[in-house]
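> A predicted structure for the sequence below; I have some questions about it.
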Amino acid sequence: MRRRRFSATDAVAQPDDRVATLTTRLHRIRSSDYVVVGGSQRFRAVQRRRTRSASRAGFLVIAVAVAFDALALLGLQGSETTMAFALSVATTGLAVAGWLLLPRRLRRYPEPVAWVVAIGVAVSTAVTGLTIPSLAVQSAGYLLVIPVLVSLVVPWRTLTHVRWLLAYTLVAVGYFILDPNASFTAEDRGDLVVVLLVSLGASLAGHVLLKASQIRSFAQLERIRALQRRAAIDMVELERAHHALELTARTDPLTGAGNRRRLEEDLRAVRAHIQRSGFAYGLVAIDLDRFKAINDSLGHAAGDEVLRRVVGAIQGSLRATDAVYRLGGEEFLVILSVPTLEGLAAATDRLRTMVLDLAIHHPANVPHGVVSISIGGSVIEAADLDDSNETWFARIDGALYRAKDGGRNRVELTSRADVAVGHPRSA
């Protein structure tokens, strides 16, 4: 048997082109475009919160202003004054109700509430001017300035703002044109309509200018969704590629056993566990008897199939805490969580028997006629931590040589004390 030694410089699988491609693509998505994606996810929530806060402030200002207006009407007499006072009180109540309900029950619908309250204020202002001719000019001034104030105070969406402007236009134009009290001349009415249109245009322009950074076109939203989908897909593919790479870097591609890199990592973990807990492990070397004859007579494809079947049988008999590694050719190493020589003897003999029970035809393996394995093993305990991995391998290699020299299809075990006095143990 050719003796192979573990070396940290053994070849290890390198990252494939797919991982590099996916990583580069995700890096591009995480650039400026990906920042936009992250911002857009909170766009509606931020809009709703800003609208709610601004609407509450607007309602409070309206309530205070209308309350002062109602107090000014207390000194006047007449049924019309009483009606105007009632309208002012109702408007104040509407504004206060909006201010109270927005942070609670209506917190998810700030734009419709602000829309209704603003139209309600416009209607009450128009009704005040219609019922009290002396307040017609003052009401007209309110109706002209309200659109500009609303565009500055309430940051609702463009579609909501346009709908509000249309409804507001009907209220204001109706007031200026259909005034039954003839508070304005025909020329005044025309001028008021023109000024109203200018005010509405200024309101819309102000809204667009103030909210330009928040406006998202359909194409931009679709691009954001596409970026999100592509990033999610690429991330999943990248995780799969990394997982496959991890398996490739630590797994023998022919048999599925661990490779030398995995063995080095697991031996470090074994040393740490022994040092921490004092628990001992079994270290086992396995070699297929007369395996070269299979490759020479049946070909390497048949030899590869034998290796796969043998490793499958070994893995099937191991516990979750055990592992098998391929060192090269037909040579394998097994780490067993068995702390005593007696337990290791039973475990290794079970491995030998399971491979023999596969009954894989092997005429050159006289006298058995089937594939068999020879095993050399030892228990690694706390006293062995000062020794290197090479020293451990040399110990079990010596036991494996004795199993080969003793007729193959055997188990030879040794311990630190046996090595010192030269008395190996057979199983």
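Now that the structure is in, tell me what you want to look at.
> Give the buried residues for the helix or strand hosting residue 120.
Element membership of residue 120, judged by DSSP states H and E, is helix 110-131. In terms of neighbour count (16 or more other CB atoms under 10 Å), helix 110-131 has its buried residues at 110-111, 113-115, 117-131. Where C-beta positions appear, they are placed from N, C-alpha and C, glycine not excepted.
> Then stretch 198-214?
Neighbour-count burial for stretch 198-214 [16+ other CB under 10 Å]: 199-200, 203-204, 206-207, 211.
> Export it to PDB, keeping only CA atoms.
Output in PDB follows, covering the C-alpha atoms of stretch 198-214 (Å, rounded to 0.1, in the frame of the first residue of the first chain):
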ATOM      1  CA  VAL A 198     -54.900  81.500 -11.600                       C
ATOM      2  CA  SER A 199     -55.100  80.400  -8.000                       C
ATOM      3  CA  LEU A 200     -56.000  76.800  -9.000                       C
ATOM      4  CA  GLY A 201     -53.100  76.800 -11.500                       C
ATOM      5  CA  ALA A 202     -50.700  78.100  -8.800                       C
ATOM      6  CA  SER A 203     -51.900  75.400  -6.500                       C
ATOM      7  CA  LEU A 204     -51.300  72.700  -8.900                       C
ATOM      8  CA  ALA A 205     -47.900  74.100  -9.900                       C
ATOM      9  CA  GLY A 206     -46.900  74.500  -6.300                       C
ATOM     10  CA  HIS A 207     -47.900  70.900  -5.600                       C
ATOM     11  CA  VAL A 208     -45.900  69.600  -8.500                       C
ATOM     12  CA  LEU A 209     -42.800  71.600  -7.700                       C
ATOM     13  CA  LEU A 210     -42.900  70.800  -4.000                       C
ATOM     14  CA  LYS A 211     -43.500  67.100  -4.600                       C
ATOM     15  CA  ALA A 212     -41.300  66.500  -7.700                       C
ATOM     16  CA  SER A 213     -39.000  64.200  -5.700                       C
ATOM     17  CA  GLN A 214     -41.900  62.000  -4.600                       C
END
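> and it, what's its mean pLDDT?
Stretch 198-214 shows a mean pLDDT of 73.
> again, but for stretch 256-267
90.
> Using the three-state scheme, assign the residue lying closest to residue 338 once chain neighbours are set aside.
Among residues not flanking residue 338 along the chain, residue 282 sits closest, at 4.1 Å (CB to CB, 6 or more residues apart in numbering). Following DSSP: H, G, I helix; E, B strand; the rest coil, we place residue 282 in the strand state.
> Can you list the helices and strands that the helix holding residue 120 packs against?
Applying 3 or more CB pairs under 8 Å, 6 or more residues apart in numbering; DSSP states H and E, one finds that helix 110-131 makes contact with helix 43-73, helix 79-101, helix 136-153, helix 158-177.
> Can you check the distance spanned by stretch 319-334, start to finish?
Taking CA to CA, to the nearest Å, the first and last residues of stretch 319-334 lie 11 Å apart.
> If you count neighbours, what's buried in that stretch?
So, applying 16+ other CB under 10 Å, buried residues of stretch 319-334: 322-327, 329-334.
> Strands - which of those residues land there?
Per DSSP state E, strands hold the following members of the buried residues of stretch 319-334: 323-327, 331-334.
> any chance of those residues in JSON lines, with pLDDT and distance to residue 342 too?
Formatted as JSON lines, these follow (pLDDT from 0 to 100; distance: CB to CB, whole Å):
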{"residue": "323", "pLDDT": "94", "distance to residue 342": "21"}
{"residue": "324", "pLDDT": "95", "distance to residue 342": "22"}
{"residue": "325", "pLDDT": "95", "distance to residue 342": "24"}
{"residue": "326", "pLDDT": "93", "distance to residue 342": "28"}
{"residue": "327", "pLDDT": "90", "distance to residue 342": "26"}
{"residue": "331", "pLDDT": "94", "distance to residue 342": "26"}
{"residue": "332", "pLDDT": "95", "distance to residue 342": "23"}
{"residue": "333", "pLDDT": "96", "distance to residue 342": "21"}
{"residue": "334", "pLDDT": "96", "distance to residue 342": "17"}
